[in-house]
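> below: sequence and its predicted model.
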Amino acid sequence: MCLGIPGKIIEIDQSIGVRMAKIDFGGVIREACIEAIPDAKIGDYTIIHAGFALNILSEEEALDSLSILQEIADLNQELYP
């Protein structure tokens, strides 16, 4: 199973000829290719999978997804301490 994680675009760079962005995953910053979402801008939320942005999300959608992922992690901790 693959899992795309929502993150917030905090910086965009095209210096290597491809649109790349720094994505904030709750304090963890990673680079991802945003070539597939040409309308992306700083402050947008996006789903990242394997280093590539798949689509743009509203802030509400992103925060809902992150909340559900946190609930799953919490439940996993309860079941398997």
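The structure has been received and is ready for your questions.
> who does the longest strand seen in the chain pair up with?
Scanning the chain for the longest strand, with DSSP state E as the assignment, gives strand 5-13. Strand pairing for strand 5-13, using DSSP bridges, gives strand 20-25 (antiparallel), strand 45-49 (antiparallel).
> send me that strand as PDB with only the CA atoms.
Below are the C-alpha coordinates for strand 5-13, written out as PDB (Å, rounded to 0.1, in the frame of the first residue of the first chain):
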ATOM      1  CA  ILE A   5       1.200  12.600   3.000                       C
ATOM      2  CA  PRO A   6      -0.100  16.200   3.000                       C
ATOM      3  CA  GLY A   7       2.500  18.900   3.400                       C
ATOM      4  CA  LYS A   8       2.600  22.700   3.000                       C
ATOM      5  CA  ILE A   9       4.700  24.300   0.300                       C
ATOM      6  CA  ILE A  10       7.100  26.800   1.900                       C
ATOM      7  CA  GLU A  11       9.500  27.500  -1.000                       C
ATOM      8  CA  ILE A  12       9.600  27.000  -4.700                       C
ATOM      9  CA  ASP A  13      12.700  26.800  -6.900                       C
END
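> let me see the mean pLDDT of that strand.
What strand 5-13 shows for mean pLDDT is 96.
> stretch 31-43 now?
Here the average pLDDT along stretch 31-43 is 96.
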